[in-house]
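In: Give the three-dimensional model of this entry:
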Amino acid sequence: MRSVHVAGIGTVEVIDQDVPVPGPGEVRVKTLLAGICGSDTHAVAGHHPLLRPPYFPGHEAVGVVDEAGPGVTGWARGDRVILQPNLSCGHCVNCLAGRTNACQTLQWIGCDSSGAHKGAMADYVIAPAANLFAVPNEVSDEEAVLVECLATPVHAGRVAGDLHGATALVIGAGTIGLFCVIVAHRAGASRIVVSDLDPAKRERALRNGANAAIDPAAVDVPAKVRELLGAPVDVVFDCVANDVSVAQAMGSVRHAGTVLIVGVPPRDFTVPMPYVQDWELTLQGCANYTPVDINAAIDIAAHGGLPAQEIIAGCYGLEAAPAAFEAAAQNSSGKVVLKP
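Out: As a prediction, this is how the structure comes out:
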């Protein structure tokens with residue numbers, strides 16, 4: 001079979017490998033679509049703080065069951081499935097509390113430099129049967145491949161608590177930021193403001209639930225938020241996660257409000273801790289998702305809440321993976337997918 005391999009920084013290749021055989025409790029899935037994540041483009045560029053080449057990418061995927069391993073029940077050949085790529089141990093303190101996304105020994109299909117868990121940017125991928133979710137008939141392949149990405153903002157929204165009637169600021173309106181807008185809107189947020197440098201992203205956010213959009217290069221974000229809402233916001237979803245965005249978040253949130261770090265910080269930076277202490281702020285990290293969040297994301301997709309036509313920016317054959325990665329790195333406004 002063919003498999004995409006990030007061989008090193010700046011090097012994406014397609015190689016031939018043996019078709020994998022599922023072991024006990026595992027399923028072989030034939031990939032239909034696999035998305036290129038920002039984590040992948042950052043890793044290829046050498047900018048990801050945790051993921052380093054070489055690795056076999058592909059943690060956002062929809063496919064069909066091809067073969068079930070020994071002991072697997074409940075799946076039949078041809079069943080359409082979504083991959084949950086994070087692999088939890090099931091017995092650490094966090095797993096036992098239902099916080100499998102914070103497993104003490106969390107591993108990832110498609111984000112694994114050891115080579116033990118090869119990703120879905122391939123003709124076939126192996127996954128534990130428990131990490132597969134059925135795709136409802138009303139959800140298209142294009143919507144299904146976005147579910148994993150949507151699950152992260154779903155999780156962030158759940159961590160934020162009750163958003164009904166709340167005001168929110170979303171910093172960064174790429175795919176994750178847009179999904180945060182959708183999640184906050186569906187959760188009943190009263191007013192949602194988006195900040196992004198790209199006018200096309202701002203317009204897209206306005207079409208999908210945002211009430212106002214700010215160009216951070218043209219205005220002072222905290223001052224503009226107060227002008228638009230008449231007060232600081234209750235919750236900030238920071239989907240950029242650098243020193244500039246965190247300063248904007250801290251300046252925009254009310255006392256005793258919540259700042260959610262949803263984006264992956266590319267490096268360490270200083271946080272204005274006197275405000276965290278004196279304003280009794282909640283500064284909350286948001287990491288991936290649990291099965292609860294994936295099921296909620298599937299439900300959003302099944303009810304028409306996932307605008308795939310506005311998000312998928314390009315579809316490439318697997319053999320064109322190097323060009324697809326380059327396109328994904330150059331265009332952060334949408335999702336580039338591979339179609340084996």
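In: Per the annotation, how does the chain divide into domains?
Out: Split into domains by automatic domain parsing, the chain comes to 2-146+306-339, 151-285.
In: Chain neighbours aside, what residue packs nearest to T31?
Out: Closest residue to T31 apart from its sequence neighbours, by C-beta to C-beta, 6 or more residues apart in numbering: G63 at 4.5 Å. In short, each C-beta sits where N, CA and C put it, glycine included.
In: can you tell me how far that neighbour sits from G35?
Out: Look at G63 and G35: by C-beta to C-beta, to the nearest Å, they are 12 Å apart.
In: Next: D16.
Out: 23 Å.
In: out of the two, which sits in the more crowded spot?
Out: Taking other C-beta atoms under 10 Å, D16 and G35 do not tie; G35 has more neighbours (26 against 7).
In: Output the contacting helices and strands for the longest helix seen in the chain.
Out: In the chain, with assignment by DSSP state H, the single longest helix is helix 147-160. Of the remaining helices and strands, those touching helix 147-160 by 3 or more C-beta pairs under 8 Å, 6 or more residues apart in numbering; DSSP states H and E are strand 60-68, strand 80-83, helix 175-186, strand 233-238, strand 253-261, helix 291-302.
In: what about 6 Å?
Out: Counting by 3 or more C-beta pairs under 6 Å, 6 or more residues apart in numbering; DSSP states H and E, the packing neighbours recorded for helix 147-160 are helix 175-186, strand 253-261, helix 291-302.
In: Of the ones you listed, which is nearest P70?
Out: Comparing the helices and strands packed on helix 147-160 against P70 with C-beta to C-beta, the closest turns out to be helix 291-302 (23.3 Å).
In: helix or strand right after the closest one?
Out: Following helix 291-302 in sequence order, the next helix or strand is helix 308-311 (DSSP states H and E).
In: related to what we said a few turns ago, most tightly packed of the helices and strands packed on helix 147-160?
Out: helix 175-186 (a mean of 26; mean count of other C-beta atoms under 10 Å).
In: In terms of secondary structure, what does it contact?
Out: Taking 3+ C-beta pairs under 6 Å, 6+ apart as the contact cut, helix 175-186 packs with helix 147-160, strand 167-171.
In: TSV for those, including mean neighbour count?
Out: Shown next, in TSV, are the helices and strands packed on helix 175-186 (neighbours: other C-beta atoms under 10 Å):
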stretch	mean neighbour count
helix 147-160	26
strand 167-171	30
